[in-house]
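[1] Quick one: sequence and predicted model below, then my questions.
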Amino acid sequence: MKRSWMALTLALGLVLAQSTYTVQPGDTLYSIARRFGTTVEALQVLNSLEDPSKIAVGQVLKVDGQPQAPALQRLSAPFGTLELPREASQGQTFRVRVHSEAEVTVRFLNQRYAPQGDSLLIAIPRLQAAGVYTISFDAAGSSYSAKLSVRAVEKGRQALTLSPDTAALLQPEKVAAELARLTDLCKSGPSTQLWRGSWRKPVESNRITTIFGIRRSYNGGPYRSYHEGLDYGAPTGTPVFAPAPGVVGLAEALFVRGNAIVLQHGLGVCSGYWHLSRIAVKPGQQVRTGDLIGYVGSSGLSTGPHLHFEVRVHGVPTDPAAWLVRAP
């Protein structure tokens, strides 16, 4: 018995200390995550997996540690100092720090931003072409510019077949109006950052049914759009929790997204929860990490019970998985 206990302790210690794992026949990312006491999202981000459902036998995965922080460039401008990454990926968020006594305006990809305090978050659109772009800073009658490289990320494609009743929800004018409202909500809200550290998962499910960024076709049409969030498969009625502190900006039934909630987290960041069966919060309500906000369902444009979870920065969708591992 003593020898068996020692062997078990040694084996457990090896698992806990292991930093990489070679994929074996029958493995899934979920089974690997359970074995090493981590999450599918953490493995996805740690290994830069474009599609967590596609891992190959013999593939070596990192199972411990944190994703590598982006290399920063620290620059001296006439009006102060700047800090920003050298590179960012499509669909990812990066932080710019501006240390200046003057009021600074930041211009990037035809958008203008005003830092809150010394900090600004910017999301790279999922379909932004890869390449090197200029980011400009204007203050005190002077201008300064830097370069930022946008890296391409391939996420694959998904063809969906919708019933006539569900397809009828894709009315262009209603889709556009709903999106405009969400964008306005995400550009407003608290000016200060309400969260600290990484966010928690909003639902107790490791079954990711659709990843962020995958290109989509409806009923044989062109692949014009992409999936703007992370879908978790879960039974109707499964509780949904706030992943970070925030203020409820919206809690109502929408035409396309069904029963929906938007939380505002400050600095232009908001999170969305679509297709709910029930809503448990009201607009203006403050929530803390882990507070109950609603229940999984299949309302609106949905083909079955699931939680669609998304994160937007100034209205631009960004990969939620990254926020669950290392929030910007």
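    Received, thanks.
[2] contacts and neighbour counts: CA atoms only from here.
    Noted.
[3] mind giving me the domain split of the chain?
    In the assignment given by automatic domain parsing, the structural domains of the chain cover 2-62, 72-151, 157-325.
[4] Return the most buried member of those domains.
    Per-stretch averages of neighbours, counted by mean count of other Cα atoms under 10 Å, single out domain 157-325 among these, with a mean of 19.
[5] so how far does it reach from one end to the other?
    Chord length of domain 157-325, first to last residue, is 25 Å (Cα to Cα, to the nearest Å).
[6] same deal with stretch 116-133?
    Separation of the first and last residues of stretch 116-133 by Cα to Cα is 23 Å.
[7] Show me the shaky parts of the chain.
    1-18, 48, 50, 65-69 (pLDDT under 70).
[8] if I pick the residue lying closest to residue 326 once chain neighbours are set aside, what's in contact with it?
    In space, and not counting its chain neighbours, residue 326 is closest to residue 198: 5.1 Å by Cα to Cα, 6 or more residues apart in numbering. Listed by Cα atoms under 8 Å, 6 or more residues apart in numbering, the contact partners of residue 198 are 323-327.
[9] Format those residues as JSON lines; extra columns: secondary structure.
    Shown next, in JSON lines, are the contacts of residue 198 (DSSP: H, G, I helix; E, B strand; the rest coil):
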{"residue": "323", "secondary structure": "helix"}
{"residue": "324", "secondary structure": "helix"}
{"residue": "325", "secondary structure": "helix"}
{"residue": "326", "secondary structure": "coil"}
{"residue": "327", "secondary structure": "coil"}
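[10] Would you mind giving the residues you listed as JSON lines with distance to residue 96 added?
    Converted to JSON lines, the contacts of residue 198 look like this (distance: Cα to Cα, whole Å):
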{"residue": "323", "distance to residue 96": "17"}
{"residue": "324", "distance to residue 96": "20"}
{"residue": "325", "distance to residue 96": "19"}
{"residue": "326", "distance to residue 96": "16"}
{"residue": "327", "distance to residue 96": "14"}
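[11] closest to residue 107 among these?
    residue 327 (22.8 Å; Cα to Cα).
[12] Run a quick neighbour tally on the closest one.
    By the measure other Cα atoms under 10 Å, the count of residues near residue 327 is 15.
[13] Please list all residues in contact with it.
    Contact analysis of residue 327 by Cα under 8 Å, 6+ apart lists 197-199.
[14] measure residue 60 to residue 22 for me?
    Remark: distance between residue 60 and residue 22 (Cα to Cα) = 4 Å.
[15] Next secondary structure after the host helix or strand of residue 251?
    Using DSSP states H and E, residue 251 sits within strand 246-254. Proceeding N to C from strand 246-254, the next assigned helix or strand is strand 258-266, under DSSP H and E.
[16] So what's the gap between the next helix or strand after that following strand and the chain middle?
    Following strand 258-266 in sequence order, the next helix or strand is strand 269-276 (DSSP H and E). Relative to its parent chain, strand 269-276 has a centroid offset of 11 Å by Cα atoms, centre = their mean, to the nearest Å.
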